[in-house]
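1. make a model of this:
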Amino acid sequence: MDPAGPDPDVRESLERLLLGGPRRLTRLEVAAAAGMPPERTQRLWRALGFPDVADDDPAFTLADVGALATVSALIDSGFVEPGTEASIARATGQALSRLADWQTDLLAAALLRQGRDAEGPVDVVAAAETLLPLLARTQDYVWRRHLAANVDRLMSDGAPGDRRELAVGFADLVGYTSRSRGMGGRELGAMVEAFEATATEVIARHRGRVVKTVGDGVLYTAVSAVDAVEIGLTLPGAWEAEDRPPLRVGVAYGSVLTRLGDVYSPVVNLASRLTSLARPGTLLADRVLAGHLRGLRQYRVRPLRRVSVRGYDHLQPWLVRRRPPGEEDNALESMLDEMADDVLAGDAEDDVRDDREDDAGNPHDG
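-> Modelled structure (predicted):
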């Protein structure tokens, strides 16, 4: 690759390869050819994450016309409500933008390796022509496998819908900001890559789903409270090393709205607050999730002192640990188990009483 800049002919050939043809159409011409109002095409373009182009700028190809026609066909099929098209475009754009960033880095690294080994100039277009079909087939395979996994979860739940009972977990790196200031770009990138690889592997192994990663943290969900706890207890140890910042985890359980691959609920906020309270290497849970662990002898569940954090005046964290072998014979631990069970049972009775009082005060609800 020439350090002075890319050859204009090479750049044009790459664009034709990636965009399915030359840039010949303006935004208004694309809208007219697709039979869409110009303001609608602009709204979709922005939702996909692309900047505005001038009305007279020939920035589009015939492939863009075909893509808009596909969007219209998808909406007309009845599977997508007309008012949600921009939301779907936004979710798609955000996911694929990150994927495209990684794939661009992959192509650049491959070209640099070829440049070091080759005597003459590297054929960038030929390299892209080889790489793109392989990436496309891989993406299609992974996408279909994830669709199949989601369909399986949907059928297991017994009823379709975007609100589900889930465990939500946060895991974040303690002291990430201060540590990252002293790192070079390559070192920081290697740590983030290692963290994401470890988190993805552990979460998948215990039947969870990665919702998103944000540099120093990962948000995940699991249908089973036990699976969520296993992730939270396994991940800090799997990540632990002398040259790495420690992990802490917070997990909560409850009704969660799933929309366009993301999750929304007070449960998400609660898991985040619990994470901020957790000590390095530990897992904190909310009362509901702690209640799911009652009677499971493999875990030690202990209530901690109530605290006030943003959004919660008297938050009761529960420390969850694995029970060491042979501890069932420890009289003190058995007594503490009974006390924890009494606290959870009392909280459950309070919830039932509150629900009955709410029903009595609102006889027409439902």
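2. ok now stretch 181-197, how far from the chain's centre?
-> Between the centre of stretch 181-197 and the centre of its chain there are 19 Å (CA atoms, centre = their mean, to the nearest Å).
3. give me the contacts around that stretch.
-> 173, 180, 213, 215, 216, 218, 239, 244 (CB atoms under 8 Å, 6 or more residues apart in numbering). All C-beta spots, glycine's among them, are computed from the backbone N, C-alpha and C.
4. swap in stretch 59-77?
-> Stretch 59-77 has contacts (CB under 8 Å, 6+ apart) with 19-27, 29-31, 33-36, 41, 44, 53, 80-82, 85, 89.
5. pull out the buried residues from it.
-> 59, 60, 61, 64, 65, 67, 68, 71, 75 (16 or more other CB atoms under 10 Å).
6. give me the mean pLDDT for that stretch.
-> Mean pLDDT, stretch 59-77: 85.
7. ok, back up a step: dump the contacts of stretch 181-197 to a markdown table, plus secondary structure, distance to residue 148 and pLDDT.
-> What follows is the contacts of stretch 181-197, written out as a markdown table (DSSP: H, G, I helix; E, B strand; the rest coil; distance: CB to CB, whole Å; pLDDT from 0 to 100):
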| residue | secondary structure | distance to residue 148 | pLDDT |
| --- | --- | --- | --- |
| 173 | strand | 32 | 93 |
| 180 | helix | 37 | 79 |
| 213 | strand | 23 | 87 |
| 215 | coil | 30 | 75 |
| 216 | coil | 32 | 86 |
| 218 | strand | 23 | 94 |
| 239 | helix | 29 | 95 |
| 244 | coil | 34 | 89 |
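8. so what's the residue count around residue 191?
-> Residue 191 is flanked by 20 other residues according to other CB atoms under 10 Å.
9. can you pull the domain assignment for this protein?
-> 8-148, 162-361 (automatic domain parsing).
10. buried deepest among the ones you listed, which one?
-> Sort the domains of the chain by mean neighbour count, taking mean count of other CB atoms under 10 Å, and domain 162-361 sits at the top with a mean of 17.
11. how distant is that one from the center of its chain?
-> Centroid separation between domain 162-361 and its chain, computed with CA atoms, centre = their mean, is 16 Å.
12. stretch 52-69 now?
-> Centre to centre, stretch against its chain (CA atoms, centre = their mean), the figure for stretch 52-69 is 31 Å.
13. put the alpha carbons of it into PDB.
-> In PDB, the C-alpha atoms belonging to stretch 52-69 read as follows (Å, rounded to 0.1, in the frame of the first residue of the first chain):
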ATOM      1  CA  ASP A  52     -26.300  13.600   4.900                       C
ATOM      2  CA  VAL A  53     -25.300  14.100   1.300                       C
ATOM      3  CA  ALA A  54     -26.100  17.100  -0.900                       C
ATOM      4  CA  ASP A  55     -29.200  16.700  -3.100                       C
ATOM      5  CA  ASP A  56     -27.100  17.000  -6.200                       C
ATOM      6  CA  ASP A  57     -24.300  14.700  -5.100                       C
ATOM      7  CA  PRO A  58     -24.300  11.400  -7.100                       C
ATOM      8  CA  ALA A  59     -23.400   9.300  -4.100                       C
ATOM      9  CA  PHE A  60     -25.700   6.300  -4.700                       C
ATOM     10  CA  THR A  61     -25.900   3.300  -7.000                       C
ATOM     11  CA  LEU A  62     -28.600   1.100  -8.500                       C
ATOM     12  CA  ALA A  63     -28.000  -1.200  -5.500                       C
ATOM     13  CA  ASP A  64     -29.400   1.500  -3.200                       C
ATOM     14  CA  VAL A  65     -32.600   1.500  -5.300                       C
ATOM     15  CA  GLY A  66     -32.900  -2.200  -4.900                       C
ATOM     16  CA  ALA A  67     -32.300  -2.000  -1.100                       C
ATOM     17  CA  LEU A  68     -35.100   0.500  -0.700                       C
ATOM     18  CA  ALA A  69     -37.400  -1.700  -2.700                       C
END
